[in-house]
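Visitor: Provided below for reference: sequence and predicted model.
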Amino acid sequence: MALTPLTPHLQGAFEAAAAPNRALINPRARTPYSDWYHSQLEGSWAQPAKQAYRVAVETLKKELSPDEFRSICPSSHNSMLDVQSAVQSALKDYETRAKASKARMWLSSCSSRVKYYESMSISVFDTLAQHYPEFTSLAWGTFKFLFTAILNHEELLTEISKAISRIADLLPRTELYSELYLTERMREAVARLYAKIIEFALKAVQWSKKGKISHSVTAILHPLKLSFGPVIDEIRELSRRVDELANAASKAEIRDQHAKINRLEAQQSLQNEILIDLRDQKQFFRNAQLEDVHQLMLQQGTPDSETSLAFCRSMRTRRVQKFATQLPAASIPTVKAWVDDPTSSLLLAESRGVRTSPLDFAVEFLNAVLEGGYPIIWALPFLAGPSPLDEERPQTLSIAGILRSLVLQTLHLSAAAMTESRNPVTIRHLRDATTIDQWFQLLERCVSMLPVLFIVVDIGVLEAAINNAESGNYDADDDLDDIRSGSNNDVEHYRISDFIDRMSNIIADRRRRRQGRLKVVLTTVSLRQVATMDSYDEFGGMCIPTDRGRQIGRLMRQPKYRGMFRQRNKRISEELRTAIGMSESRK
């Protein structure tokens with residue numbers, strides 16, 4: 001059976017969501033806002049800086065002597081260290097003069113800022129230096145020249161130092177934003193800021209190269225503060241432009257992240273719907289497989305476990321109304337210790353004289369385990385109906401049929417044995433199994449899929465199946481196939497001891513592999529009557545009586561003791577249920 005396709009609305013939704021969600025897989029996938037914050041390597045962002053660089057070179061060639069020009073544009077690039085050295089030299093010179101000098105104060109401020117940026121290795125020019133190192137060399141060289149050339153122009157030196165200090169205050173944010181959002185817009189804004197800083201430096205160079213008479217006239221008509229004020233304002237405005245771009249980039253990035261989160265939530269919701277749909281289909285597939293297995297088992301005359309349990313419960317209820325067959329109180333601690341034991345093991349529940357007490361214990365035990373929600377399978381007596389192979393004959397038991405019933409119950413508890421195990425059990429395996437040994441192998445494979453499993457088998461059912469085989473009452477072809485195959489498990493020679501030995505081997509193998517816990521309860525009226533004495537050794541001393549003997553049984557029938565024993569039996573049953581249901585170590 002093949003899995004059905006996804007429901008149409010889920011398939012359409014999945015295809016519709018697949019395209020936009022590819023952006024979640026490719027981190028560089030573009031969105032309507034990604035150009036605001038994604039790094040971009042292409043573009044003409046450096047054009048303003050290139051233009052400013054060309055103008056600066058031409059201006060400096062005109063204003064400066066060849067030696068002065070070479071000091072600004074040497075063969076090796078200038079750096080911030082050169083500016084720091086020039087500032088320190090100017091500051092040292094002014095420290096020997098009047099201590100109240102404004103030039104000294106602003107030189108000190110400028111020096112501290114240059115030192116800070118040098119130690120942090122950051123600058124607005126770093127964005128340009130990666131691609132155009134000559135730009136930064138020109139800027140630092142010009143500043144170095146100014147601090148060297150105008151050492152004797154105190155007013156100019158004061159204004160230059162003040163301006164550079166104020167410009168320096170704007171650089172940290174600009175550097176941070178240019179690192180975070182290295183977009184074409186941001187680089188262009190940084191390039192314009194660079195151009196304006198170069199323009200400021202050129203103005204200072206041009207002013208410094210004027211003569212004394214020109215300085216005097218200019219100082220009256222165009223004071224230094226007014227000359228450099230507009231440039232400083234433009235630098236401040238361009239820095240604010242960088243701030244605004246960073247703010248817009250941050251908002252765009254937040255918006256995209258919000259959209260991605262929404263898509264992730266939508267994708268998660270869609271995936272949950274798909275998983276639910278697949279889980280439903282998987283469950284449908286399992287149920288269909290189990291139904292096929294169930295039909296196959298019915299055709300082969302497999303006893304129905306629910307019918308047998310209902311029959312045994314009904315018979316026990318009738319017996320309780322007449323007299324209470326009571327489990328000895330001493331058996332409760334033994335049962336609890338056996339249940340709590342973390343290893344796989346066998347338990348023998350045997351009558352001391354009341355023939356119906358083993359089945360009553362089996363029903364009590366089954367009820368307690370089922371109420372606790374633990375996995376359990378069983379093989380109990382049942383009221384025989386018509387044979388599925390011949391309706392004119394009643395259904396009879398076979399060893400293979402009992403094992404088939406246990407396999408079917410295990411598959412209902414763990415359908416994963418048919419779909420998810422490394423070596424799954426298939427319908428073909430069930431159809432091809434003919435011998436008792438093959439059914440034992442299938443049972444062992446099925447129970448290995450469950451970490452904890454209880455099995456309750458009434459030996460009286462096994463005895464009836466063996467008697468049917470010996471008398472020639474074959475309801476199905478299973479036991480007959482065993483006879484024809486000449487296997488070691490030939491039903492004509494099959495005994496209860498063989499069943500106990502095989503279950504003991506399965507448990508021993510499970511212990512050796514440490515595959516959880518397999519707890520097997522065998523109930524019988526008298527094991528010594530149907531098996532050898534060696535069979536007792538397989539239980540390792542885990543044997544309990546299911547009644548207190550015939551004498552107590554006769555007392556329970558008397559009206560004057562019936563109420564007392566019924567009340568005591570109720571308490572014992574509750575203790576048994578508690579001992580099994582409250583055991584935490586086997587969950």
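Guide: Good, I have the coordinates.

Visitor: can you tell me the number of residues neighbouring L406?
Guide: By the criterion of other Cβ atoms under 10 Å, L406 has 24 neighbours. For the C-beta atoms, the positions are set from N, CA and C on the backbone; glycine is no exception.

Visitor: how close does it get to H412?
Guide: Counting by Cβ to Cβ, to the nearest Å, the gap from L406 to H412 is 11 Å.

Visitor: Y536 too?
Guide: Y536 sits 33 Å away from H412, taking Cβ to Cβ as the criterion.

Visitor: then R404?
Guide: Counting by Cβ to Cβ, the gap from R404 to H412 is 13 Å.

Visitor: the two - which one has more neighbours?
Guide: R404 (25 against 15).

Visitor: for the nearest residue to the more buried one once chain neighbours are set aside, what are its contacts?
Guide: Spatially, and ignoring its direct neighbours in sequence, R404 is nearest to T302 (4.4 Å; Cβ to Cβ, 6 or more residues apart in numbering). When contacts are counted by Cβ atoms under 8 Å, 6 or more residues apart in numbering, T302 is found next to G401, R404, S405, L408.

Visitor: which element is the second one on?
Guide: So the one you mean is R404. Assigned by DSSP states H and E, R404 belongs to helix 399-413.

Visitor: which strands and helices sit next to that helix?
Guide: Counting contacts by 3 or more Cβ pairs under 8 Å, 6 or more residues apart in numbering; DSSP states H and E, helix 399-413 packs against helix 224-299, helix 305-322, strand 376-379, helix 416-419, helix 436-447, strand 452-458, helix 459-471, helix 478-485.

Visitor: identify all contacting residues around the third one.
Guide: I take that to be strand 376-379. 303, 305, 308-309, 362, 366, 369-370, 402, 405-406, 409-410, 413, 453-458, 461-462.

Visitor: returning to what we had before: what's the least confident stretch among the helices and strands packed on helix 399-413?
Guide: Per-stretch mean pLDDT for the helices and strands packed on helix 399-413 is lowest at helix 478-485 (a mean of 45).

Visitor: next helix or strand past that helix?
Guide: Downstream of helix 478-485, the first helix or strand assigned by DSSP H and E is helix 496-513.

Visitor: partners of the helix or strand just after that next one, with directions?
Guide: On the C-terminal side of helix 496-513, the nearest following helix or strand under DSSP H and E is strand 517-524. According to DSSP bridges, strand 517-524 forms sheet pairs with strand 345-350 (parallel), strand 452-458 (parallel).

Visitor: list the buried residues in stretch 452-470.
Guide: Under the neighbour-count criterion of 16 or more other Cβ atoms under 10 Å, stretch 452-470 has 453-466, 468-469 buried.

Visitor: before we move on, the earlier item: so which of the strands paired with strand 517-524 is nearest A508?
Guide: Among the strands paired with strand 517-524, the nearest to A508 by Cβ to Cβ is strand 345-350 (10.0 Å).

Visitor: now that closest one - C-alpha only, CSV.
Guide: Output of strand 345-350 as CSV, limited to C-alpha atoms (Å, rounded to 0.1, in the frame of the first residue of the first chain):
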residue,chain,number,x,y,z
SER,A,345,12.3,-12.9,34.0
LEU,A,346,9.7,-15.6,34.4
LEU,A,347,7.0,-15.9,37.1
LEU,A,348,5.1,-19.1,37.8
ALA,A,349,1.6,-18.7,39.4
GLU,A,350,0.5,-22.2,40.6
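
Visitor: other residues contacting it?
Guide: Outside strand 345-350, the residues that reach it (Cβ under 8 Å, 6+ apart) are 335, 338, 358, 361-362, 365, 500, 503-504, 507, 519-527, 536, 538-540, 542-546.

Visitor: quick one: that strand to helix 459-471, angle?
Guide: Strand 345-350 and helix 459-471 are oriented at 80 degrees to each other (axes from the mean of the first three to the mean of the last three Cα atoms, to 10 degrees).

Visitor: so what's I235 up against?
Guide: So I235 contacts I167, L170, L193, K196, I197, F200 (Cβ under 8 Å, 6+ apart).

Visitor: those: which two are farthest apart?
Guide: The largest separation in the contacts of I235, counting by Cβ to Cβ, is between L170 and F200 at 12.2 Å.
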